[in-house]
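Enquirer: The following block contains a protein sequence and its predicted model.
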Amino acid sequence: MENLKDVQSLPDHRRIEIDKVGIKGIRYPISVLDRKKGIQYTVAEINMYVDLPHHFKGTHMSRFVEILNEFRHEIHIKKIICILQEMRKRLAAKVAHLEMAFPFFIEKKAPVSQAQGLMEYQCKIYGSLGDEMRDLVLEVHVPIMTLCPCSKEISSFGAHNQRGVVKVKVRFKKFIWIEELVEIVEKCGSSPVYPLLKRTDEKFVTEWAYEHPMFVEDVVREVCRRLLDHPEITWFTVEAENYESIHAHNAYAFIERHKS
């Protein structure tokens, strides 16, 4: 091993720093904090990057995986900063970045029959750490149902409706539950989406949505209003996209807010 040349550490003559270098798309088991059960185990797709000074030819890719292995039983949102600190230390970096995308499951009951099923929500965690920078962002994708207010108003009977998705990103002071963000969003559509519905539930959901028509503009405004009222949240973006059922395009709306 002593005779093997460390090519990555050789000097580079071009004098160009690299902002992000690392590994992408590694799938790894992680634990996620679950408000009801304490811990939920899932599998994440992980990206890990550091900056590279101009005088190094390359970074040591294997060290990223070594760090994951060392934190294998403690990969969750409260350990992100610790992982980033270790990345900076082991790779002699000024700045480290970590991205994790994973499915999160919540047990959900149908509105009338109370039939239970597991609902999947796609989530992401973004973390960055430097000498004067520490950033943590949580992103949650929440499917909803929307019924068109215009269609309801102009039609003699019925109204077109569709499934959509709301994507929320938040920065926060200390901690926020994934479940909290899901609950906020699901109150802002015409109806939540359920993993299991019986006939009585279908009747309820259809009629409930008809009585609560929402444009994408309505959805993002309602989510925005609730996020502004949340004491833990310091910054957020909210975007809604409806997968239109009678149009050849999707409807979209977006809001970003910084809270003082």
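Expert: Done, it's in.

Enquirer: May I ask you to confirm that M87 is in contact with M48?
Expert: Yes. At 6.6 Å, M87 counts as touching M48 under the criterion of CB atoms under 8 Å. Where C-beta positions appear, they are placed from N, C-alpha and C, glycine not excepted.

Enquirer: Quick check: neighbours shared by the two?
Expert: Taking CB atoms under 8 Å, 6 or more residues apart in numbering as the criterion, M87 and M48 both touch 64, 67, 96, 98.

Enquirer: ok, and the closest non-adjacent residue to the residue nearest to the spatial centre of the chain?
Expert: Central residue of the chain (CA atoms, centre = their mean): E139, 2.5 Å from the mean position. Sequence neighbours aside, K124 is the residue nearest to E139 in space, at 4.1 Å (criterion: CB to CB, 6 or more residues apart in numbering).

Enquirer: Check which helices and strands the strand or helix carrying that neighbour sits against.
Expert: Assessed by DSSP states H and E, K124 sits inside strand 116-130. Helices and strands touching strand 116-130, by 3 or more CB pairs under 8 Å, 6 or more residues apart in numbering; DSSP states H and E, are helix 80-90, strand 96-109, strand 133-147, helix 178-186.

Enquirer: Name every strand pairing with that strand and say which way it goes.
Expert: Sheet pairing of strand 116-130 (DSSP bridges) gives strand 96-109 (antiparallel), strand 133-147 (antiparallel).

Enquirer: For this protein, which segments count as helices?
Expert: Secondary structure of the chain by DSSP state H: the helices cover 61-70, 80-90, 149-154, 178-186, 199-211, 216-228.

Enquirer: most neighbours per residue, which of those?
Expert: Compared across those, helix 178-186 shows the largest average neighbour count, a mean of 21 (mean count of other CB atoms under 10 Å).

Enquirer: where are the low-confidence patches of the stretch 1-150 of the chain?
Expert: For the stretch 1-150 of the chain, the stretches with pLDDT under 70 are 1-2, 4-10, 12, 58.

Enquirer: before we move on, the earlier item: using PDB, write out the CA atom coordinates for the strand holding K124.
Expert: Extracted in PDB, the C-alpha atoms of strand 116-130 (Å, rounded to 0.1, in the frame of the first residue of the first chain):
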ATOM      1  CA  GLN A 116     -56.400   2.000   7.000                       C
ATOM      2  CA  GLY A 117     -53.600   2.100   4.500                       C
ATOM      3  CA  LEU A 118     -50.100   3.500   4.200                       C
ATOM      4  CA  MET A 119     -49.700   6.700   2.200                       C
ATOM      5  CA  GLU A 120     -46.300   7.500   0.600                       C
ATOM      6  CA  TYR A 121     -44.800  11.000   0.600                       C
ATOM      7  CA  GLN A 122     -41.600  11.800  -1.200                       C
ATOM      8  CA  CYS A 123     -39.200  13.800   1.000                       C
ATOM      9  CA  LYS A 124     -35.800  15.400   0.600                       C
ATOM     10  CA  ILE A 125     -33.300  16.800   3.100                       C
ATOM     11  CA  TYR A 126     -30.600  19.300   1.900                       C
ATOM     12  CA  GLY A 127     -27.700  20.200   4.200                       C
ATOM     13  CA  SER A 128     -24.700  22.500   3.700                       C
ATOM     14  CA  LEU A 129     -22.000  23.400   6.100                       C
ATOM     15  CA  GLY A 130     -19.100  25.900   5.900                       C
END
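
Enquirer: related to what we said a few turns ago, let me know whether the residue nearest to the centre of the chain touches C123 as I believe.
Expert: Yes. E139 is within contact range of C123, at 6.5 Å (criterion: CB under 8 Å).

Enquirer: Give the intersection of the neighbour lists for those two.
Expert: Going by CB under 8 Å, 6+ apart, no residue sits against E139 while also sitting against C123.

Enquirer: Which elements pack onto whichever strand in the chain runs longest?
Expert: Using DSSP state E, we find that the single longest strand of the chain is strand 18-34. Contacts defined by 3+ CB pairs under 8 Å, 6+ apart place strand 18-34 against strand 38-52, helix 61-70, strand 96-109, helix 178-186.

Enquirer: Which of those sits closest to S260?
Expert: Of all these, it is helix 178-186 that lies closest to S260, at 20.4 Å by CB to CB.
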